[in-house]
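Trainee: Quick check, what structure comes out for this input:
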Amino acid sequence: MIYCSLESSRNEQTKHDEHRQNVRNSYAKVAQAEDVDQCCGAENSCCGISDDKVINTLVSSRIGYSNEDIGKAPKGADMGLGCGNPKDIAKLRTGEIVVDLGSGGGFDCFLSADDVGKTGYVIGVDMTPDMVTKARRNAEKGKYSNVEFRLGEIEHLPLADNVADVIISNCVINLSPNKNQVFKEAYRVLKPGGRLAISDVVATVELPEDMRNDPALISGCVGNASLIEDLEEMMTAAGFTDIRIEPKDESKDFIRGWVPGSNISDYVVSATFEAIKPMAI
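Mentor: Down below sits the predicted model:
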């Protein structure tokens, strides 16, 4: 019985590793491109996939950012790989410490750095070395002294306990093969009273198995989508309170372009996630 349990655990871990590597390889291709449009040819899609199974991107003004926001960040930081604006959800304050899960080219980190000011600090975490390198170069270009980027998995954050006031993320948690662990890690890293502010994709109905297991759809932010009630259970189990997950029906308009020729918008929608780590008793 013990042997069977260990074997099952190993098989599950192997599946998780394969899942992460598929995602890592997909986003490395985006990071390596000199120009996002050159890589993805994006006109009308965001985190989705093109006909040739390459991740598409979208100018972020379509999904919650102002032209002023876009103009603040160094050129190349806005890679259009999101589905909302977590900074606006977070309502950041001067002096806060922010952690961005899946920071990509650093776009949300740089916008957050402006909000928290010189007395605040922003840490971006990404599992793709090419993305971390790109983000660090962008930080140098923008002369950001209150931002750093760390290589790591969001299921195993390279951060101490109780360090962050806010955790943000933009269309990344959905990429994880183990969302339960992501929320546990987020809870560990947040200070008591700290908050989650996330934009991500949720399933409105159960996805068909062929969609759920399609590696391209997983990397395109949709294949691994969870139902809202399942996400609420995960967040509650991690210890969070005041959980609010609000789907954005208007997002269906741009989601239709994520996987051209499919009916993916019948199954998923962008949503905002908010939650609090309660104060210690």
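
Trainee: rest of the way, CA atoms for contacts and neighbours
Mentor: OK.

Trainee: what about the spatially most central residue of the chain, distance to Asp249?
Mentor: The centre of the chain sits closest to Val172, judged by Cα atoms, centre = their mean, with a distance of 2.2 Å. With the distance defined as Cα to Cα, to the nearest Å, Val172 ends up 19 Å from Asp249.

Trainee: For Asn178, see how far away His156 is.
Mentor: In terms of Cα to Cα, His156 sits 11 Å off from Asn178.

Trainee: Equivalent analysis for Leu227, please.
Mentor: Leu227 is 14 Å from Asn178, by Cα to Cα.

Trainee: Thr128 too?
Mentor: From Thr128 to Asn178 the distance is 17 Å (Cα to Cα).

Trainee: out of these two, which sits in the busier spot?
Mentor: Higher neighbour count among Thr128 and Asn178: Thr128, with 24 against 14, using other Cα atoms under 10 Å.

Trainee: Need the phi and psi values for that one.
Mentor: With angles defined as degrees, to the nearest 10, Thr128 sits at phi -100, psi 110.

Trainee: Okay, strands next: where are they in the stretch 101-250 of the chain?
Mentor: 121-126, 147-151, 164-170, 190-203, 241-248 (DSSP state E, counting those that start in this stretch).

Trainee: avg pLDDT for the following helix or strand past the last one?
Mentor: If I follow you right, that is strand 241-248. On the C-terminal side of strand 241-248, the closest following helix or strand by DSSP states H and E is helix 252-255. For helix 252-255, mean pLDDT rounds to 74.

Trainee: Give me the distance from helix 252-255 to the chain's centre.
Mentor: Mean C-alpha position of helix 252-255 versus that of the full chain (Cα atoms, centre = their mean, to the nearest Å) differs by 18 Å.

Trainee: For it, name the packing helices and strands.
Mentor: Counting contacts by 3 or more Cα pairs under 8 Å, 6 or more residues apart in numbering; DSSP states H and E, helix 252-255 is packed against strand 268-276.

Trainee: neighbouring strands for the strand it packs on, and are they parallel or not?
Mentor: strand 190-203 (antiparallel), strand 241-248 (antiparallel) (DSSP bridges).

Trainee: which stretches of the chain have low pLDDT?
Mentor: 1-20, 22-23, 25-28, 30-31, 34-63, 257, 281 (pLDDT under 70).

Trainee: Mind doing that once more with 90?
Mentor: 1-84, 171, 174-175, 177, 207-225, 248-270, 280-281 (pLDDT under 90).

Trainee: Helices along that one, start to end?
Mentor: 2-32, 36-40, 67-72, 86-90, 107-116, 129-142, 179-189, 209-212, 215-219, 228-238, 252-255 (DSSP state H).

Trainee: Which of the residues in the fourth one are classified as buried?
Mentor: Read it as helix 86-90. Residues of helix 86-90 classed as buried by neighbour count (16 or more other Cα atoms under 10 Å): Pro86, Lys87, Ile89, Ala90.

Trainee: Check what contacts that helix and list those residues.
Mentor: The contact list for helix 86-90 (Cα atoms under 8 Å, 6 or more residues apart in numbering) reads 108, 111-112, 166, 168-170, 195-199, 272, 274.

Trainee: related to what we said a few turns ago, so which of the strands paired with strand 268-276 is the most packed in?
Mentor: Most buried of these, by mean neighbour count (mean count of other Cα atoms under 10 Å): strand 190-203, with a mean of 25.

Trainee: now Pro278, nearest residue through space, not along the chain?
Mentor: The spatially closest residue to Pro278, leaving aside those adjacent along the chain, is Gly193, at 5.1 Å (Cα to Cα, 6 or more residues apart in numbering).

Trainee: hmm, back to that, which one of the strands of the stretch 101-250 of the chain lies closest to Arg212?
Mentor: strand 190-203 (10.6 Å; Cα to Cα).
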